[in-house]
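Peer 1: sequence unavailable; structure follows:
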């Protein structure tokens, strides 16, 4: 069964500081991996996705993520955080077979607070 | 281009009632998925439809059902509502399932009293 763990429930950083949000996944085959961001009461916005190929993936809003198969990780990074990045971030792994067809399994989310 | 749209935005129902939620995918997308997000948790997969057929199902009771129409819009139906069904219901559309990125709508906030 596929699963996602986001070890950090809440992270606080200062504006301008670098950011790394951790994500570990469990999946039996080559995973499809995603990062989404959600503002309070809103839907989810796709930041970036990994299907295959280059393990360093660039996304929107200056975010990037690195797929490390040996560590089953897909951590999200940003070199300089802006106050508008404050939100909740979700890592997800996609399924391809059986009843998992098209299923995204999400982690519990990481809430990011940005101090001025 | 319009994104995924969902209606209604908010809904209040009483225990035991039935509810229908609606979703229109991004133009050209033939796949729609439904998720339930309880406060403080990540979304949980309910259903995935592609070309009007159910292709994936999550671990939800039979009170939950869905369908996809010829124009690729979709309905999620929940019967015999329970207090625990209170959640944000999210619809997502995709161009190339199962591996294609899913784009989410703003959600329908359901409150069951």
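Peer 2: Yep, that arrived. Everything numeric in this text was worked out from a predicted model, so none of it was measured.

Peer 1: residues in chain B within reach of chain A, list them.
Peer 2: Chain B comes close to chain A at residues B:4, B:31, B:33, B:35, B:41-45, B:48, B:50, B:55-58, B:88, B:90, B:92, B:94, B:97-99, B:101-107, B:109, as judged by C-beta under 8 Å from any C-beta of the partner chain. For glycine as for every other residue, the C-beta is placed from the backbone atoms N, C-alpha and C.

Peer 1: need the contact list for the residue nearest to residue B:113 when sequence neighbours are not counted.
Peer 2: In this structure, residue B:113 finds its nearest non-sequential neighbour in residue B:14, 5.8 Å apart by C-beta to C-beta, 6 or more residues apart in numbering or on different chains. By C-beta atoms under 8 Å, 6 or more residues apart in numbering or on different chains, the contact set of residue B:14 is B:81, B:112, B:113.

Peer 1: so which of those residues sit within helices?
Peer 2: Among the contacts of residue B:14, no member falls in helices (criterion: DSSP state H).

Peer 1: out of the residues you listed, the closest to residue A:55 would be?
Peer 2: residue B:112 (43.9 Å; C-beta to C-beta).

Peer 1: what about the strands in the chain?
Peer 2: With no chain named, the answer covers chain A. Under the criterion DSSP state E, strands of chain A are mapped to A:3-5, A:10-14, A:19-21, A:24-26, A:32-38, A:44-50, A:56-58, A:64-68, A:73-78, A:87-94, A:104-106, A:110-115.

Peer 1: that's the wrong chain, I meant chain B
Peer 2: Secondary structure of chain B (DSSP E): strands at B:5-7, B:10-13, B:19-24, B:31-37, B:44-50, B:53-57, B:64-68, B:74-78, B:87-94, B:102-104, B:108-112.
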